[in-house]
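[1] The amino acid sequence is not available; the structure is as follows:
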């Protein structure tokens, strides 16, 4: 009878041990998989720790605001990548939507014939003065007028 109780106690202890270890494993995975709260500027900061458990030396748990008062640009950091969606481009850091109606192929073809790029009329090949840039492109020789740019 004493052996039966001892065996039961051992089996219960083993079951508890496995349950506790499983619960600890789940908790560790949950907390290890979540990144520390950091803002986008952290990646370009000199104080950034590059550690999943520590954001930086000044704010180990991250900042609560949209910007960090202690931000110090890292001169060796990679430049910020500006992702361009289809139909838009970045100019001087500002996202500009492309004019609807012209495909990328049509825009490239415009480089070959438009007077802004060639300095000549696409119909008669006569030079067109572009200083200052006109609001409407027109050829005084043949009467051609641009309606697409």
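    Done, it's in. Computed from a prediction, not measured in an experiment: that's the story for all the values here.

[2] Identify the residue spatially nearest to residue 60, adjacent ones excluded.
    In space, and not counting its chain neighbours, residue 60 is closest to residue 54: 5.3 Å by Cβ to Cβ, 6 or more residues apart in numbering. C-beta: built from backbone N, CA, C; applies to glycine.

[3] Verify the stated contact: the one you found with residue 47.
    No. Counting by Cβ atoms under 8 Å, residue 47 is not a contact partner of residue 54; they are 10.7 Å apart.

[4] quick one on the thing from earlier: and the residue nearest to residue 60, how far from residue 63?
    As for residue 54, its distance to residue 63 is 13 Å (criterion: Cβ to Cβ, to the nearest Å).

[5] cool, and residue 56?
    For residue 56, the distance to residue 63 - Cβ to Cβ - is 9 Å.

[6] Looking at these two now, which is surrounded by more residues?
    Set side by side, residue 56 and residue 63 show more neighbours around residue 56, with 23 against 19, by other Cβ atoms under 10 Å.

[7] related to what we said a few turns ago, which residues are in contact with each of residue 54 and residue 63?
    Shared contacts of residue 54 and residue 63 (Cβ atoms under 8 Å, 6 or more residues apart in numbering): none.

[8] That's all I had, so thanks and see you.
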